[in-house]
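**Q** This is a predicted model, with the sequence first.
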Amino acid sequence: MAPGVEKPDGEDRRTRVSSVLFVCGMNAIRSPIAEALAKSLMPRTYVASAGVRSGERDPFVDVVLAERGLSLGDRAPQRFEDLADSYFDLIVTMAPEAHHTALDASGGAAVEVEFWPMPDPSVATGSREAILDAYRDVVARIEARLRKTFVTD
């Protein structure tokens with residue numbers, strides 16, 4: 001079923017999803033960006049993020065989020081397997097490795113797992129501004145997908 005589309009019983013996905021987990025490789029770029037954006041766009045939804053491997057905080061993420069008035073605060077990357085909360089209505093994965101991990105971990109649980117492929121801006125080269133543009137592009141892509149999926153206008 002398409003995101004945001006009503007189920008046959010009339011229940012809209014925007015009201016069904018009360019908790020979302022975003023997962024990427026190291027919880028350093030894509031998933032924390034998604035978490036920060038989702039928290040700002042969906043204040044009544046519980047939102048978290050994690051990675052499949054240990055990672056380090058990426059300073060370019062702080063820059064592009066600050067440009068939008070958002071911050072991760074003192075939040076550090078966390079691994080999927082170390083999450084305190086294990087139940088989510090929806091798990092959104094942003095890298096192939098994360099998708100396979102989420103599918104394996106969810107097993108028979110009643111959780112939706114969606115793959116939102118996002119480019120890895122850490123591979124960008126060139127000037128600082130060119131690199132930041134790659135990060136800004138990912139922010140814009142994630143925000144567009146969040147708005148399309150969860151935000152009513």
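**A** Received, thanks.
**Q** CA atoms for contacts and neighbours, from now on please.
**A** Noted.
**Q** which residues in this structure form strands?
**A** Here the chain has its strands, by DSSP state E, at 19-24, 46-51, 90-93, 112-115.
**Q** Could you find the closest non-adjacent residue to E143?
**A** What sits nearest to E143 in space, not counting adjacent residues and going by C-alpha to C-alpha, 6 or more residues apart in numbering, is L37, at 6.6 Å.
**Q** dump the residue contacts of the one you found.
**A** Listed by C-alpha atoms under 8 Å, 6 or more residues apart in numbering, the contact partners of L37 are 70, 142-143.
**Q** so how far is P121 from E56?
**A** From E56 across to P121, the span is 15 Å (C-alpha to C-alpha, to the nearest Å).
**Q** higher neighbour count, the two?
**A** P121 (19 against 12; other C-alpha atoms under 10 Å).
**Q** Could you dump the strands of the chain into CSV with mean pLDDT and distance to A84 added?
**A** CSV is the format used below for the strands of the chain (pLDDT from 0 to 100; distance: least, C-alpha to C-alpha, whole Å):
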stretch, mean pLDDT, distance to A84
strand 19-24, 95, 12
strand 46-51, 95, 10
strand 90-93, 95, 15
strand 112-115, 93, 19
